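Colleague: Test case, fold it:
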Amino acid sequence: MSNPFLESAFTPPLPFRKRRPFLFWGGVILAILICNSGFQALRNGPLRGPLVGVIHVNGVILESAEITAFADELRLDDKVKAVVVRVNSPGGGVGPSQEIYMAVKRLAEAKPVIVSMGSTAASGGYYIAVAGREIYAMPSTLTASIGVKMQVPNAEELMRTIGLSSKTLATGALKDAGNITREMTPEEEAYFQSLITGMFDEFVKAVAQGRKLSEEDVRALADGRAMTGRQAMEAGLVDVMGDMHAAVKRAAELGGLPADARAELLEGPVPPDSLLRDLAGALMRAGFERQAELQQAQFFY
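Modeller: Numbering: from 1, shown residues only. Sure, this is the predicted structure:
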């Protein structure tokens, strides 16, 4: 006959992860963070040889801080001999696009910069590209689309239908320009058109300078049209039909790396370590951006 007391005395204890789940998983997360920090330290460690930096510009351009910071990091890193800017973007905000353009331009003054276009490098994406020394694209890449646009929604009819009204007090005739609760006045329309024209002129100048074209030639192409990579090359907006591999090889060549050596890449910007911090930041930015959209007209390349 079995003795329950003896059986309980010899029952093996539960594993630590079950007895102290919070301590166990907390330790696992801490170990991952420590390993990640160690990896980030090694990626620029003393044992690494000459590098080719790769800056990724992906998606709609709404922010610039991480990309510009990484561009400046590559510019100051003596191990980085050349840089590839990989653009896969349909464009985005005027301000962020210009900031990234300026950061790439500073970088190109210090080191060879090759631009590699992905499936799309149009409008603001092309604005950034012209800061590089050479531009590589695929034959079917969608690029160019040189121009500026703004959108001002009009909810006046909807508000009237649901019985809502709005009254705005402002210190000047143009302070309330872009109000979505009413039609735009001719004065406001002329005001916004003048802003767009100024932004467009900056775009044209940047393309003319980067591609060594006259402003008249650029304006002839700058009606907002998108082009394939091959059409853009024929128009003088792209240099070479080639993929990312060809762009890296060219950057390594210009950076003085041996032709028979496989270039080591330093890619970025590195995403934030904390997923929760990234998610929280994204939610906060979305809230602020949504509030700003309701109060101010938005300009886009």
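Colleague: Glu156 touches Thr181, doesn't it?
Modeller: Yes - assessed by Cβ atoms under 8 Å, Glu156 is found in contact with Thr181 at 5.8 Å. Where you see a C-beta, it was placed from the backbone N, CA and C, and this is true even at glycine.
Colleague: Which neighbouring residues are in contact with Ile55, exactly?
Modeller: Ile67, Phe70, Ala71, Leu74, Val83, Val84, Val85, Arg86, Val104, Gly268, Pro269 (Cβ atoms under 8 Å, 6 or more residues apart in numbering).
Colleague: my guess is it is in a helix, correct?
Modeller: No - applying DSSP: H, G, I helix; E, B strand; the rest coil, one finds Ile55 to be strand, outside a helix.
Colleague: That one and Glu187, how far apart?
Modeller: 42 Å (Cβ to Cβ, to the nearest Å).
Colleague: do Gly59 as well
Modeller: Taken as Cβ to Cβ, the span from Gly59 to Glu187 is 36 Å.
Colleague: tally of neighbours for Pro50?
Modeller: Using other Cβ atoms under 10 Å, Pro50 has 17 neighbouring residues.
Colleague: Next one, pLDDT for the nearest residue in space to it that is not next to it in sequence please.
Modeller: For Pro50, ignoring the flanking residues on the chain, the nearest one in space by Cβ to Cβ, 6 or more residues apart in numbering is Lys81 at 4.9 Å. Per-residue pLDDT puts Lys81 at 96.
Colleague: Where does Lys81 fall, secondary structure wise?
Modeller: Here Lys81, judged by DSSP states H and E, is contained in strand 80-89.
Colleague: go on, Val115?
Modeller: strand 113-122.
Colleague: Disregarding flanking residues, what is the spatial nearest neighbour of the residue nearest the centre of the chain?
Modeller: With distances taken as Cα atoms, centre = their mean, Val57 lies nearest the centre of the chain, 4.0 Å away. When the adjacent residues along the chain are set aside, Val57 lies closest to Val87, with 4.8 Å between them (Cβ to Cβ, 6+ apart).
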